[in-house]
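A.B. asks: Need coordinates for the below:
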Amino acid sequence: MGHLDHAALGWLTPVLSYAMACTGAALGLRCTVRALAATGSARRNWLLTAASAIGTGIWTMHFVAMLGFAVSGTDIRYDVPLTLASLLVAMAVVCAGVFAVGHSRDRVRALLLGGLTTGLGVASMHYLGMAAVRLHGEVGYAPVLVGLSVLIAVVAATAALWAALNIRSPVAVTLASLIMGAAVSSMHYTGMFAVSVRVTPSGEPLPGATAMQFVFPLAVGLGSYLFITSAFVALSPTAGEREASASAQRPAGHTAH
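C.D. replies: Below you'll find the predicted structure:
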């Protein structure tokens, strides 16, 4: 059995991955708050931004954490198409969950169905990302821990969607984001502790790309997207602020006549 190290780069990858998860959650919640106050195409656009933020945050968290994953006795490579597929899965399922909650009239049913769908999707993203790992040996999983990681994903997704519906104030959004980030990180590391590797030493070159060749540049790019979009959302006026501004300008318009 190969020795597994989940933090080969020290505390850098766990802390940075947690920050990515929190940033994606915070941005997603703020965008959902804006969406629920909007109508028509504006609501759709805010929901799409929320889904892309949460999906990107979850995926970036997973693969930043994977930068610290190492197995003694073998190099690690990543299958590029499968890694990209895991990103698309994360985006698609979060989008489905957010739109279900954002447009449904039966909020409780939408919350439960959206939470289940999104949670299973997040777990699928994680294990699809793990299926992209290429190494000299065989990867096995402890079924109980796999089941626990899926349960954590469903509970975390349901809590995230509930927060999107019920939390409005910036302080509450920040606290909810920190909790959601912790839940997503817990799901990831529970899934990783389920992993065991039976190493088969070999001099054959492994297919795929190294983490630094492929995963790191993509994670940096998506992380930059999260921070830039966060700044845009923070600086853009809310529906209430736009309404207050419009009402303040009306008397001046009447005076001009």
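A.B. asks: ok, then the element right after the longest helix anywhere in the chain?
C.D. replies: Longest helix in the chain, counting residues (DSSP state H): helix 40-66. Proceeding N to C from helix 40-66, the next assigned helix or strand is strand 70-71, under DSSP states H and E.
A.B. asks: I'd like to check what contacts the next helix or strand after that next one. Which residues are they?
C.D. replies: Later in the chain than strand 70-71, the nearest helix or strand by DSSP H and E is strand 76-78. Identification of contacts with strand 76-78 by Cβ atoms under 8 Å, 6 or more residues apart in numbering yields 69-70, 132-135, 206-211, 214-215. For glycine as for every other residue, the C-beta is placed from the backbone atoms N, C-alpha and C.
A.B. asks: now those as a markdown table including pLDDT?
C.D. replies: Below are those laid out as a markdown table (pLDDT from 0 to 100):
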| residue | pLDDT |
| --- | --- |
| 69 | 88 |
| 70 | 89 |
| 132 | 91 |
| 133 | 91 |
| 134 | 91 |
| 135 | 90 |
| 206 | 88 |
| 207 | 89 |
| 208 | 85 |
| 209 | 85 |
| 210 | 84 |
| 211 | 81 |
| 214 | 78 |
| 215 | 75 |
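A.B. asks: Put the buried members of the residues you listed into a PyMOL selection.
C.D. replies: In PyMOL syntax, the buried subset of these is picked out as below (16 or more other Cβ atoms under 10 Å):
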select buried, resi 69+70+132+133+134+135+206+208+209+211+214+215
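A.B. asks: From the contact counts, what lies against the longest helix of the chain?
C.D. replies: helix 12-36, helix 80-103, helix 107-131, helix 170-193, helix 216-235 (3 or more Cβ pairs under 8 Å, 6 or more residues apart in numbering; DSSP states H and E).
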